[in-house]
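Q: A structural model of the following input is requested.
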Amino acid sequence: MVYSARILALLLAASIALVTALFLSLIQSVESSALLLASLISFSAAYILSYVVLEFLFFRGINKIDKMMGKLLKKELKNISHNKSEGLDPFENVLNDEIAAFALLKQKEIEELKKTGSFP
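A: The predicted model follows:
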């Protein structure tokens, strides 16, 4: 299954709407139109909130980190910038700093090996 913010938000919103409808169905005085309306409202709110959280705080941060790791694997160490990320995700900030520090360390090692002549 392909994991994306939309699919995960859709599944989460559907399960929240289902639980909302099931709990409201336990009350005898609630009509079916009210059940449907409550389900639609809870589905809409849950979808929007979970999509925003998943897309902007999780998936975009992971994609940035994936691009940086791809550059590391391709040995493009000079292209990795060490600019401070001002995102909301603290894990992204820590990982970006660690990856940039690792790239800087490897770039210094390569330059040192080139100077001594033991690196092609």
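
Q: Grab the longest helix from this protein for me.
A: Identified as the longest helix of the chain according to DSSP state H is helix 90-116.

Q: Identify the residues contacting L24.
A: By C-beta atoms under 8 Å, 6 or more residues apart in numbering, L24 lies in contact with V30, A34, L35, A38. For glycine as for every other residue, the C-beta is placed from the backbone atoms N, C-alpha and C.

Q: What is the longest helix of the chain packed up against?
A: helix 60-73 (3 or more C-beta pairs under 8 Å, 6 or more residues apart in numbering; DSSP states H and E).

Q: Now the helix it packs on: average pLDDT?
A: Averaged across helix 60-73, the pLDDT comes to 76.

Q: quick one: buried residues of that helix?
A: Neighbour-count burial for helix 60-73 flags G61, K64, I65, M68, K71, L72 (criterion: 16 or more other C-beta atoms under 10 Å).

Q: Okay, now the unreliable bits of the protein?
A: By pLDDT under 70, the weakly predicted segments of the chain are 1-2, 75-93, 118-120.
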